[in-house]
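[1] structure for the following, please:
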Amino acid sequence: MVLVSCFGQGGRLSEAERSAFGEYVNQLDSSLTGVWFDRMGVSADADSVLTYLRREVPRNGLDTTAFFLPEIASDLAIVHQLAFDSVGVSINEVLPRLDAHLTKAYVRYVTGQRYGFMKPRVFNRMDPKIGNPDIFARVFDYDPALPDTTEACKKMKESDRVAYLVSSAPQTYIYKALINEMDKTTDAEKRQQLAVNMERCRWQITHPEANQRQILVNIPSQQLWAVCADSVLDMRICCGAVPTKTPLLHSAISYMQINPEWVIPYNIVKTEVVQHAGDSAYFARNRYSIIDKESTDTLNVSSVDANALLSGRLRISQKGGVGNSLGRIVFRFPNDFSIYLHDTNNHAAFQRERRTLSHGCVRVQKPFELACFLLAGVDEWTLESIRISMDIPPVTNRGREWLSKHADASRPYRLIGYHGVKPNVPLYILYYTAFPNPKTGAIDYCPDLYGFDKVISKELKWISEGSSSR
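    Alright, predicted model coming up:
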């Protein structure tokens with residue numbers, strides 16, 4: 001059977017063909033060994049690998065020459081046709097070269113598909129921190145495994161190596177949607193954009209799963225989707241400005257606060273608030289208070305200078321309620337960046353085409369609807385209490401009666417200030433410029449707001465379809 005594979009044909013071989021093959025085998029250096037050939041000929045797996053890579057490499061927007069496919073095809077043709085003499089090469093030259101190219105192609109493709117063809121840690125070396133240019137801001141909150149060729153080299157020598165090659169393709173639903181889109185288009189620009197986003201699917205990080213109850217925030221789309229089995233809630237978002245990018249991460253929403261106090265992060269104090277030290281009008285206009293962390297005393301603004309604001313001993317906060325920068329509700333999840341999803345006191349911003357304007361947090365267009373999604377199954381009075389506390393008109397008789405009885409109470413109404421989310425709902429903050437819209441299923445093409453696509457394109461230039469850099 002192996003001998004038949006050398007001739008690339010089915011059926012019975014003639015004596016002349018057997019004799020011709022034997023003559024070339026007799027010329028084979030006995031010291032030569034290979035993964036893809038032996039003295040009986042080239043393994044049929046070599047043709048299987050070539051066939052598979054010829055189809056899948058372009059489907060992934062990758063360059064066939066980066067996987068030596070023209071060289072492999074040429075050398076396999078020489079072997080199949082026993083054309084050594086006609087092209088002026090010896091079997092001792094062709095088989096080792098073929099073996100080396102097949103090995104490199106196999107290991108490179110398998111490893112790339114399983115780990116990615118670039119190292120995404122590069123994103124954490126892009127942006128110097130504001131006010132501290134010697135330190136880079138972390139915007140990719142993952143520590144993905146680095147490419148490891150060990151397993152690919154091991155599997156290449158085993159009997160199921162072709163099956164292992166095929167199984168190397170990412171299994172995320174996003175990858176499958178993108179490669180299906182790649183099959184439909186010949187537009188070079190779209191193919192490049194799809195290829196860049198398919199690379200994101202290869203990284204060994206936690207990816208969203210299909211049919212999972214989850215929150216998806218895609219920065220380039222400037223959209224949020226709350227997904228469950230039978231419905232999708234979608235809304236616009238405002239996200240981090242380019243200098244203060246929203247980090248990419250995976251977490252889970254654990255609780256929400258209604259009418260939250262906003263404790264101003266130190267980096268905002270350092271870059272925006274400190275210049276107004278001692279300005280009572282500024283602090284009053286923004287409803288900011290200065291509180292001593294140790295004594296919890298509220299300090300007189302005029303007595304606190306810039307050095308004291310930056311000392312770390314004080315907390316600057318904004319009272320909850322109307323006008324608060326967090327709006328009327330905030331959704332919390334564990335992370336190392338002090339970011340969260342929240343309402344806003346500036347709803348006009350959602351009408352902008354480009355909504356990259358925050359310090360990193362994500363502002364949501366439909367905060368009450370998002371709260372309802374997260375609290376699926378709670379009683380109606382809990383939802384009504386949140387409505388009233390957020391100054392949303394009640395929809396039940398009980399709510400209207402409560403509001404009538406307490407019309408003279410101080411605002412904001414504090415019927416409810418905290419509610420846990422049980423079970424916690426997975427949250428993914430993503431960056432895909434080609435993304436399967438969870439509501440429509442169609443691929444949405446989005447602008448590269450943070451320039452991440454350019455970074456990936458540069459890193460993949462050596463292997464990208466149509467690249468002139470080899």
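[2] check the burial of the residue nearest to Pro220 when sequence neighbours are not counted by counting its neighbours.
    Spatial nearest neighbour of Pro220, chain neighbours left out: Cys446 (3.6 Å); criterion: CB to CB, 6 or more residues apart in numbering. The way it works is simple: take the backbone N, C-alpha and C, and place the C-beta from them, glycine included. For Cys446, the neighbour count with other CB atoms under 10 Å is 19.
[3] quick one: Lys154 and Leu98, what's the gap?
    For Lys154, the distance to Leu98 equals 21 Å [CB to CB, to the nearest Å].
[4] so these two - more neighbours on which side?
    Neighbour tally, Lys154 and Leu98, criterion other CB under 10 Å: the higher count belongs to Leu98, 23 against 11.
[5] give me the phi and psi for the more buried one.
    phi -60, psi -40 (degrees, to the nearest 10).
[6] mind checking pLDDT for it?
    On pLDDT, Leu98 comes in at 96.
[7] try Tyr24
    66.
[8] now swap in Ala434 and tell me
    pLDDT, read off for Ala434, is 98.
[9] same question for Ala20.
    For Ala20, the pLDDT comes out at 64.
[10] where do the helices sit along the stretch 101-250 of the chain?
    150-155, 161-166, 173-184, 188-202 (DSSP state H, counting those that start in this stretch).
[11] list the buried ones in the last one?
    Meaning helix 188-202. 190-202 (16 or more other CB atoms under 10 Å).
[12] same deal with the first one?
    Of the residues in helix 150-155, those scored as buried under the neighbour-count criterion (16+ other CB under 10 Å) are Ala152, Lys155.
[13] which residues touch that helix?
    Contact with helix 150-155 is made by Tyr106, Val107, Val110, Thr111, Arg114, Arg161, Tyr164, as judged by CB atoms under 8 Å, 6 or more residues apart in numbering.
[14] which of those are buried?
    By 16+ other CB under 10 Å, these give Tyr106, Val107, Val110, Thr111, Arg114, Arg161, Tyr164 as buried.
[15] just name the closest of those residues to Asn324, please.
    The closest of the buried ones among the contacts of helix 150-155 to Asn324 turns out to be Arg114 (CB to CB; 46.5 Å).
[16] these two touch, right, that closest one and Trp203?
    No - using CB atoms under 8 Å as the test, Arg114 is too far from Trp203 to be in contact (10.0 Å).
[17] re the thing from before, quick one: the residue nearest to Pro220 and Pro436 touch, right?
    No - at 12.0 Å, Cys446 and Pro436 do not qualify as touching, with contact defined as CB under 8 Å.
[18] residue ranges of the strands in the stretch 51-200 of the chain, please?
    For the stretch 51-200 of the chain, the strands defined by DSSP state E, counting those that start in this stretch occupy 128-129, 132-136.
[19] which one, of those, ends up nearest to Pro412?
    strand 128-129 (35.2 Å).
[20] and that closest one, how far from the chain's centre?
    22 Å (CA atoms, centre = their mean, to the nearest Å).
[21] tell me which residues in stretch 172-190 are buried?
    Thr172, Tyr173, Ile174, Tyr175, Ala177, Leu178, Ile179, Glu181, Met182, Lys190.
[22] report all helices and strands that the helix or strand hosting Phe368 contacts.
    Per DSSP states H and E, Phe368 falls inside helix 367-374. Applying 3 or more CB pairs under 8 Å, 6 or more residues apart in numbering; DSSP states H and E, we find helix 367-374 packed against strand 223-228, strand 231-240, strand 249-258, strand 329-332, helix 380-389.
[23] who touches that helix?
    215, 224, 226, 228, 233, 235, 253, 256, 327-329, 331, 341-343, 364, 383, 386-387, 390, 392, 421, 425.
[24] residues contacting Gly177?
    I think there's a mix-up here, since residue 177 is Ala and not Gly. So Ala177 contacts Pro436, Gly441, Ile443 (CB under 8 Å, 6+ apart).
[25] filter the residues you listed to the buried ones?
    The buried subset of those - by 16+ other CB under 10 Å - is Pro436, Ile443.
[26] so which of the contacts of Ala177 are in strands?
    Judged by DSSP state E, strands contain the following of the contacts of Ala177: Pro436, Ile443.
[27] let me know the closest of the contacts of Ala177 to Gly278.
    Pro436 (52.7 Å).
[28] who does the closest one bridge with?
    With DSSP bridges as the criterion, Pro436 is bridged to Ile443.
[29] and it, what does it touch?
    Pro436 touches Tyr173, Ile174, Ala177, Leu178, Ala442, Ile443, Asp444, counting by CB under 8 Å, 6+ apart.
[30] so for Gly131, which of the helices of the stretch 101-250 of the chain sits nearest?
    Smallest distance to Gly131 across those (CB to CB): 30.3 Å, for helix 188-202.
[31] what's the angle from that closest one to helix 173-184?
    If you take axes from the mean of the first three to the mean of the last three CA atoms, to 10 degrees, helix 188-202 sits at 160 degrees to helix 173-184.
[32] could you measure from the nearest residue to Arg213 once chain neighbours are set aside over to Pro70?
    Leaving aside its chain neighbours, Arg213 sits nearest to Cys228 (4.8 Å; criterion: CB to CB, 6+ apart). Counting by CB to CB, the separation of Cys228 from Pro70 is 49 Å.
[33] check Lys458 too.
    Taken as CB to CB, the span from Lys458 to Pro70 is 25 Å.
[34] neighbouring contacts of stretch 324-334?
    251-262, 287, 318, 320-321, 340-345, 363-364, 367-368, 370-371, 374, 386, 389-391, 412, 424, 427.
[35] I should have written stretch 450-458 there, sorry.
    Here stretch 450-458 makes contact (CB under 8 Å, 6+ apart) with 118, 122-123, 126, 139, 192-193, 196, 199-200, 219, 242, 245, 356, 431, 433, 448, 464.
[36] buried members of these into ChimeraX, please.
    In ChimeraX, a selection of the buried entries from those looks like this (16+ other CB under 10 Å):
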select :118,123,139,192,193,196,199,200,219,245,356,431,433,448,464
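[37] where does the prediction get shaky in the chain?
    Low-confidence segments of the chain, defined by pLDDT under 70: 1-24, 26, 467-470.
[38] report the longest strand in it, please.
    Longest strand in the chain by number of residues (criterion: DSSP E): strand 418-430.
[39] what comes up buried for that one?
    His419, Val421, Val425, Pro426, Leu427, Tyr428, Ile429, Leu430.
[40] then stretch 401-417?
    Buried positions in stretch 401-417, judged by neighbour count with 16+ other CB under 10 Å: Trp402, Leu403, Pro412, Tyr413, Leu415, Ile416.
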